[in-house]
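Asks: let's see this in three dimensions:
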Amino acid sequence: MLLLHDAVTLLGDAPAPADARHRAHGLPTVAELIADSLDLGVEIAACQSGLDLAGMSADLFDARVAVSGPVAFLQGRREGEQLVLV
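Replies: Next up, the predicted model:
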């Protein structure tokens, strides 16, 4: 999964916009979904340009999240893999 542009902010410490509504309905927060995904082996990458635009650096989030640009991320895909862009 590649988090592009503003979506990289979902990796930060601030709650996601819909977290309170999700929690009120017994659903996990975005941070919990990301952590669970990483635990299950989902490859997650943050767009370098998005990090720059958001004033974020990779040392702010889980070390299992890679930093990549869209082209490099797409080049690393193998046939049959699923790709999710957020």
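
Asks: can you pull the phi/psi pair for the residue nearest to G69 when sequence neighbours are not counted?
Replies: Excluding the flanking residues, the one nearest G69 by CB to CB, 6 or more residues apart in numbering is Q48, at 5.5 Å. The C-beta positions use only the backbone N, C-alpha and C, and glycine is treated the same way. Per-residue torsions, Q48: phi -60, psi -40 (degrees, to the nearest 10).

Asks: which residues sit in contact with Q48?
Replies: For Q48, the contact set (CB atoms under 8 Å, 6 or more residues apart in numbering) comprises V67, S68, G69.

Asks: mind checking which of these are buried?
Replies: With burial judged by 16 or more other CB atoms under 10 Å, the buried subset of the contacts of Q48 is V67, S68.

Asks: in CSV, list the contacts of Q48 along with secondary structure and pLDDT.
Replies: Formatted as CSV, these follow (DSSP: H, G, I helix; E, B strand; the rest coil; pLDDT from 0 to 100):
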residue, secondary structure, pLDDT
V67, strand, 93
S68, strand, 89
G69, coil, 83
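
Asks: out of the helices and strands in the chain, which is least certain?
Replies: One helix or strand of the chain scores below all others by mean pLDDT, DSSP states H and E: helix 70-75, with a mean of 80.

Asks: contact partners of it?
Replies: For helix 70-75, using CB under 8 Å, 6+ apart, the contacting residues are L2, L4, A45, C47, L83.

Asks: picking that back up, dump the contacts of Q48 to CSV, plus distance to A16.
Replies: Listed next are these as CSV, based on distance: CB to CB, whole Å:
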residue, distance to A16
V67, 20
S68, 21
G69, 23
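
Asks: neighbours of R64, just the number please.
Replies: Using other CB atoms under 10 Å, R64 is surrounded by 14 other residues.

Asks: contacting residues around the residue nearest in space to the middle of the chain?
Replies: Nearest residue to the geometric centre of the chain (CA atoms, centre = their mean): L3, 4.7 Å. L3 makes contact with L10, L11, I44, A45, A46, C47, G50, V86, according to CB under 8 Å, 6+ apart.

Asks: got the phi and psi for it?
Replies: As for L3, its main-chain torsions (degrees, to the nearest 10) stand at phi -90, psi 110.
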